[in-house]
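J.: give me the fold of what follows.
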Amino acid sequence: SVSCFKFMALYSVIQFVTVIRLYHLNANMSDCQYLWIDLFMILPLAVYMARTGPARKLSVQRPQSRLISISVLSSVLGQSLIAALFQVFAA
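T.: Numbers count the residues shown, from 1 in each chain. Below you'll find the model as predicted:
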């Protein structure tokens, strides 16, 4: 679904920005930290999102038929930018 695509795209972009930011600060995450994030934070959320059923009342408008569309990509890029800005200005 579109929401799972957005989630996985955002997860990889946010993790990439995090790694670049940590390298800039001369720090690094260990393998155990990556494993903990993937197994206990990301995997349950991804499974829950994939298994969530439809809404009780469906919209009249049809959803996007393509994953690569202006609305989907602008949403992913906008959220990635917001996450990157939070990471840059947090330190």
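J.: C-alpha from now on. contacts and neighbour counts both.
T.: OK.
J.: what about the helices in the protein?
T.: With DSSP state H as the criterion, the chain has helices at 2-24, 31-37, 43-51, 70-90.
J.: could I get the average pLDDT for the shortest one?
T.: If I follow you right, that is helix 31-37. In this model, helix 31-37 carries a mean pLDDT of 91.
J.: where does the chain have low pLDDT?
T.: Low-confidence segments of the chain, defined by pLDDT under 70, span residues 91.
J.: if we can go back for a sec, so which of the helices of the chain comes closest to residue 58?
T.: helix 2-24 (15.8 Å; Cα to Cα).
J.: please report how far residue 73 lies from residue 79.
T.: 10 Å (Cα to Cα, to the nearest Å).
J.: what's the answer for residue 41, then?
T.: 19 Å.
J.: between those two, who's got more neighbours?
T.: More crowded of residue 41 and residue 79, by other Cα atoms under 10 Å: residue 79, with 16 against 11.
J.: which ones are touching the nearest residue to the more buried one once chain neighbours are set aside?
T.: Leaving aside its chain neighbours, residue 79 sits nearest to residue 10 (7.5 Å; criterion: Cα to Cα, 6 or more residues apart in numbering). Applying Cα atoms under 8 Å, 6 or more residues apart in numbering, one finds that residue 10 lies in contact with 76, 79, 80.
J.: and those, which is closest to residue 6?
T.: Among these, and counting by Cα to Cα, the member closest to residue 6 is residue 76, at 6.2 Å.
J.: thought that closest one was touching residue 12?
T.: No: using Cα atoms under 8 Å, residue 76 is not in contact with residue 12, being 11.2 Å away.
J.: which one's more surrounded, the two?
T.: residue 76 (18 against 12).
J.: indicate which one of the helices of the chain is closest to residue 62.
T.: Closest among those, using Cα to Cα: helix 2-24, at 12.6 Å.
J.: and the closest one, C-alpha only, in CSV?
T.: What follows is helix 2-24, C-alpha atoms only, in CSV (Å, rounded to 0.1, in the frame of the first residue of the first chain):
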residue,chain,number,x,y,z
VAL,A,2,1.0,3.6,-0.3
SER,A,3,1.4,4.1,3.4
CYS,A,4,3.8,1.1,3.7
PHE,A,5,5.8,2.5,0.7
LYS,A,6,6.0,5.9,2.4
PHE,A,7,7.0,4.4,5.7
MET,A,8,9.8,2.3,4.3
ALA,A,9,11.1,5.1,2.1
LEU,A,10,11.1,7.5,5.0
TYR,A,11,12.7,5.0,7.3
SER,A,12,15.7,4.5,4.9
VAL,A,13,16.0,8.3,4.3
ILE,A,14,15.9,9.1,8.0
GLN,A,15,18.4,6.4,8.9
PHE,A,16,20.7,7.7,6.1
VAL,A,17,20.5,11.3,7.5
THR,A,18,21.1,10.0,11.0
VAL,A,19,24.2,8.1,9.9
ILE,A,20,25.6,11.1,8.0
ARG,A,21,24.9,13.4,11.0
LEU,A,22,26.6,11.0,13.4
TYR,A,23,29.6,10.8,11.0
HIS,A,24,29.7,14.6,11.0
